[in-house]
Every structure is written in structure tokens, then in C-alpha cells.
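Trainee: return atomic coordinates for the entry below.
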Amino acid sequence: MIVRIMGEGQLELPESALEELNALDAAVETAVEAGDVDTFTTALGELLTAVRRLGNPVPEDFLHDSDLILPPADASIDEVRAMLSDDGLIPG
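Mentor: Coordinates of the predicted model:
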């Protein structure tokens with residue numbers, strides 16, 4: 001699975017990472033729904049850190065569509081709210 005963090009680039013993640021990422025994604029979604037900016041900032045940071053830790057950078061010259069696009073670490077709660085689907089940021 002190819003994940004793009006906006007403003008950073010793409011990372012390739014194994015499907016086995018989805019369980020951990022979905023738990024972190026749920027925390028982001030809960031914070032957004034509650035309008036809790038502090039918890040949202042922490043949860044988004046933890047999600048992006050996990051993607052970076054679990055993923056391998058995709059070479060810049062490799063052209064492949066991203067399976068998922070995640071917001072940058074400095075995204076506002078309103079920007080992320082607009083990106084959320086029924087499954088959060090990460091489907092599954």
C-alpha cells in the first residue's frame with residue numbers, strides 16, 4: 001500500500017500495518033468529532049509518526065498513485081474534518 005503524507009512524499013506500507021494505523025486513525029477521528037484540538041494534534045502526530053516508522057520511502061522517480069493521502073502534521077482540525085470519510089482517514 002502506498003501512502004502519501006502531504007508535503008512529505010510517499011511511503012510503502014505492508015498491509016499488516018493497517019491494524020495499528022486504524023487504531024491511531026480512530027483516535028484522530030474521535031478528536032475531530034469532539035472538536036478537541038489538543039487531542040487531535042497529538043493523535044495526528046502519532047498517526048504520521050507510525051506511518052513513517054512502518055513505511056519505507058518510495059523513490060521520487062517512482063510514479064505510482066497513492067492508495068491513501070494523509071494530511072501534513074500542521075493540518076488544522078477543520079482541514080482534516082474535510083478529509084474524513086465514514087472510515088476515517090484510513091479505510092478498513
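Trainee: switch to C-alpha atoms for all contacts and neighbour counts from now on
Mentor: OK.
Trainee: just the strands in this structure please.
Mentor: Assigned strands in the chain, in chain order: 2-5, 9-12, 56-57, 68-70 (criterion: DSSP state E).
Trainee: ok, how many other residues are close to L54?
Mentor: 17 (other Cα atoms under 10 Å).
Trainee: that one contacts A17, doesn't it?
Mentor: Yes - using Cα atoms under 8 Å, L54 makes contact with A17 at a distance of 6.9 Å.
Trainee: where does the prediction get shaky in this protein?
Mentor: Applying pLDDT under 70 to the chain flags the ranges 92.
Trainee: most remote residue from it's center?
Mentor: D61 (22.4 Å; Cα atoms, centre = their mean).
Trainee: for Q10, see how far away that residue is.
Mentor: Distance, D61 to Q10, by Cα to Cα, to the nearest Å: 11 Å.
Trainee: what of A75?
Mentor: Using Cα to Cα, we find A75 at a distance of 17 Å from Q10.
Trainee: backbone dihedrals for the closest residue to V80 other than its chain neighbours, please?
Mentor: Leaving aside its sequence neighbours, V80 sits nearest to P71 (Cα to Cα, 6 or more residues apart in numbering; 6.8 Å). The phi/psi pair for P71 (degrees, to the nearest 10) reads phi -70, psi 160.
Trainee: buried residues, stretch 3-11. List them.
Mentor: Of all the residues in stretch 3-11, those buried under the rule 16 or more other Cα atoms under 10 Å are V3, R4, I5, Q10, L11.
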